[in-house]
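Undergrad: can you look at this prediction? I've put the sequence above it.
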Amino acid sequence: MAPAPPKARQLRAIRGMHDILPGTSDHWQTLEDQVRAVLDSYGYGELRTPLVEVTELFQRSIGEVTDIVEKEMYSFTDRGGDHLSLRPEGTASCVRAAIEHGLLDQAQRLWYRGPMFRRERPQRGRYRQFHQIGVEVFGLGGPDIDLEVILLTRRLWAALGIEGLQLEINSLGDSAERATYRDLLVAYLQDHTEQLDADSRHRLGSNPLRILDSKNPDLAEIIARAPSLLDHLGAASRTHFETLCAGLERAAIPYRINPRLVRGLDYYNRTVFEWISTDLGAQGTVCAGGRYDGLVAQLGGPPTPAVGFAMGLERLLELLPSRQPAAPDAYLVAFGADAEAAALHLAEQVRAALPELRLVCHCGGGSAKAQFKRADRSGARIALVLGEAELASASIGIKPLRGAGEQQVCPLAELPVRLPALLQAAD
Ligand code: ATP
Ligand code: MG
């Protein structure tokens, strides 16, 4: 006997990057459709940008001394020698595109969706390819638009049936206020350097506000006692923040002011916010955003105020009420060579007459028993049966697959009229 050929090595998806299988992709589609409907209703337009950008875009926007740019980006040199990165987030690309296409001569309400890439340690709620839907508004600087994007997120949770999210907000002031505060914070932290971890010591000289964002529980106490930026805001930043708070109260949105909320990216000023779930373990933030008035100019565009947020779809999906994936309505079986040859054509006619119908046509022949077994497994409520007799008489058999009921024969011409009622009866 000849030796069996060696078994080919099985390739797998990259760690932290996941296939989304039929059944699960139904949930994704529902989520995406519902979010899109809400964004449409607020007059936001979708912006689609490439998944790859020059690395410099992220270095200059997200900040050199952030986790993302220091250690999480998938960066490479392409064959032409360009330094490129898979996008780790969406804001930088939106700003780049808005400048490039001259969109900033008027206010813009934009949104985007799609995969983002960060080489983090994979764990629940934290993946290396994950998906976001985000919103960016350009050209509006007041607290009213900050309120609008938060109102929009509340409407999203209601549309999705997600309950129990908590809103946290903070103000990061403007850059002068942050500079003053930064000195105070550094002075405070320098008195406690022995309690800081290596990461935070490193940040002390480069980006001390980041230390407030540390997820290390050992630092919780020293962070809690740190001076608060909110106590060092100027009049304009304070009024902006207070107006937003008043708007939230008027809209009856409960919120918590969290003076340690600084967000993981460098470009924010004034308003920052997060929506947090207590049902997701350590990775509880499902939506995060804020104002970034300096970023457009920093990337070479006209001075343009901006505000936005991004939400993580994997985390939101965990919170969605469970739902059965949609099964087909009908499954067409065909017996005998002529009927088999006619089946796909008949299925096309049915689809043309009933565009909403979810119809699966059996392919590959086989015994009646085998075909009905497949029909049953598909989850369809009825089988359409095409045998030689039906073919000869221009009719079709209809057999309920769930519950009782005999197979009946229906003239083909009447199928589009009778099928919807028969499907309802089979429910
Ligand atoms: P975290 O504090 O959880 O690391 P972040 O501050 O890095 O979040 P953003 O960059 O603001 O998050 O992204 C917005 C949202 O995208 C997060 O609130 C989260 O829901 C989601 N998100 C971010 N990173 C990941 C990831 N690696 N895997 C899955 N979802 C993510
Ligand atoms: Mg992060």
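TA: Thanks, I have the structure now. Numbering: from 1, shown residues only. Ligands and ions are numbered 1, 2, ... in the order given.
Undergrad: could you pull out the helices for the stretch 101-250 of the chain?
TA: For the stretch 101-250 of the chain, applying DSSP state H, counting those that start in this stretch gives helices covering 143-160, 175-190, 198-206, 220-224, 235-250.
Undergrad: same list (these) but as a markdown table, adding distance to Leu401.
TA: Placement of C-beta: from N, CA and C, glycine included. Listed next are these as a markdown table, based on distance: least, C-beta to C-beta, whole Å:
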| stretch | distance to Leu401 |
| --- | --- |
| helix 143-160 | 32 |
| helix 175-190 | 65 |
| helix 198-206 | 59 |
| helix 220-224 | 57 |
| helix 235-250 | 52 |
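Undergrad: so which of these gets nearest ligand 1?
TA: Between ligand 1 and those, the shortest gap by C-beta to the nearest ligand atom is with helix 143-160, which sits at 11.6 Å.
Undergrad: buried set for that closest one?
TA: For helix 143-160, a neighbour-count test (16 or more other C-beta atoms under 10 Å) marks 143, 145-150, 152-154, 156-157, 160 as buried.
Undergrad: check stretch 373-385 too.
TA: Arg374, Ala375, Ser378, Gly379, Ala380, Arg381, Ile382, Ala383, Leu384, Val385.
Undergrad: need the residues of this protein near ligand 1, please.
TA: With C-beta under 6 Å from any ligand atom as the criterion, the chain meets ligand 1 at residues 89, 118, 120, 125-127, 130, 132, 263-264, 283, 285-288, 310-312, 314-315.
Undergrad: and if we set it to 8 Å?
TA: When proximity is defined by C-beta under 8 Å from any ligand atom, the chain lies next to ligand 1 at 16, 67-68, 88-89, 116, 118, 120, 125-128, 130-132, 134, 213, 215, 263-265, 274, 283, 285-289, 309-316.
Undergrad: in the stretch 51-200 of the chain, which residue sits closest to ligand 1?
TA: Counting by C-beta to the nearest ligand atom, the stretch 51-200 of the chain gets nearest ligand 1 through Phe130, at 3.4 Å.
Undergrad: how near is that residue to Val360?
TA: 32 Å (C-beta to C-beta, to the nearest Å).
Undergrad: where in the protein is pLDDT low?
TA: Scanning the chain for pLDDT under 70 picks out the ranges 1, 264-265.
Undergrad: residue of it nearest ligand 1, please.
TA: Distances between the chain and ligand 1 by C-beta to the nearest ligand atom are smallest at Gly312, namely 2.4 Å.
Undergrad: surely that residue and Leu280 touch.
TA: No. Look at Gly312 against Leu280 with C-beta atoms under 8 Å: they stay out of range, at 9.7 Å.
Undergrad: hmm, back to that, who are the neighbours in contact with the residue of the stretch 51-200 of the chain closest to ligand 1?
TA: Applying C-beta atoms under 8 Å, 6 or more residues apart in numbering, one finds that Phe130 lies in contact with Pro115, Met116, Arg118, Gly312, Leu313, Glu314.
Undergrad: contact partners for the last one?
TA: With contacts defined as C-beta under 8 Å, 6+ apart, the neighbours of Glu314 are Gly125, Tyr127, Phe130, His131.
Undergrad: that one is in what secondary structure piece?
TA: Using DSSP states H and E, Glu314 sits within helix 313-319.
Undergrad: tabulate the CA atom coordinates of that helix in CSV.
TA: What follows is helix 313-319, C-alpha atoms only, in CSV (Å, rounded to 0.1, in the frame of the first residue of the first chain):
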residue,chain,number,x,y,z
LEU,A,313,-18.4,46.6,18.7
GLU,A,314,-17.1,43.4,20.3
ARG,A,315,-17.9,44.8,23.7
LEU,A,316,-21.3,46.1,22.6
LEU,A,317,-22.2,42.7,21.1
GLU,A,318,-21.6,41.1,24.5
LEU,A,319,-24.3,43.3,25.9
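Undergrad: what separates Ala421 from Leu359, distance-wise?
TA: For Ala421, the distance to Leu359 equals 16 Å [C-beta to C-beta].
Undergrad: got it, and Met311?
TA: Applying C-beta to C-beta to Met311 and Leu359 gives a distance of 35 Å.
Undergrad: is Leu423 in a helix, a strand, or coil?
TA: What DSSP: H, G, I helix; E, B strand; the rest coil gives for Leu423 is helix.
Undergrad: who's in contact with it?
TA: With contacts defined as C-beta under 8 Å, 6+ apart, Leu423 is in contact with Asp329, Ala330, Arg381, Ile382.
Undergrad: in strands, which of these fall?
TA: Applying DSSP state E to the contacts of Leu423, the entries found in strands are Ala330, Ile382.
Undergrad: about what we covered before: which of the helices of the stretch 101-250 of the chain sits most buried?
TA: helix 143-160 (a mean of 19; mean count of other C-beta atoms under 10 Å).
Undergrad: quick one: contacts of that one?
TA: With C-beta under 8 Å, 6+ apart, helix 143-160 has contacts from 31, 34-35, 37-39, 42, 135, 137, 163, 165, 167, 240-241, 243-244, 247-248, 251, 253, 270-271, 273, 275, 287, 289, 291, 307-309, 311, 316, 319-320.
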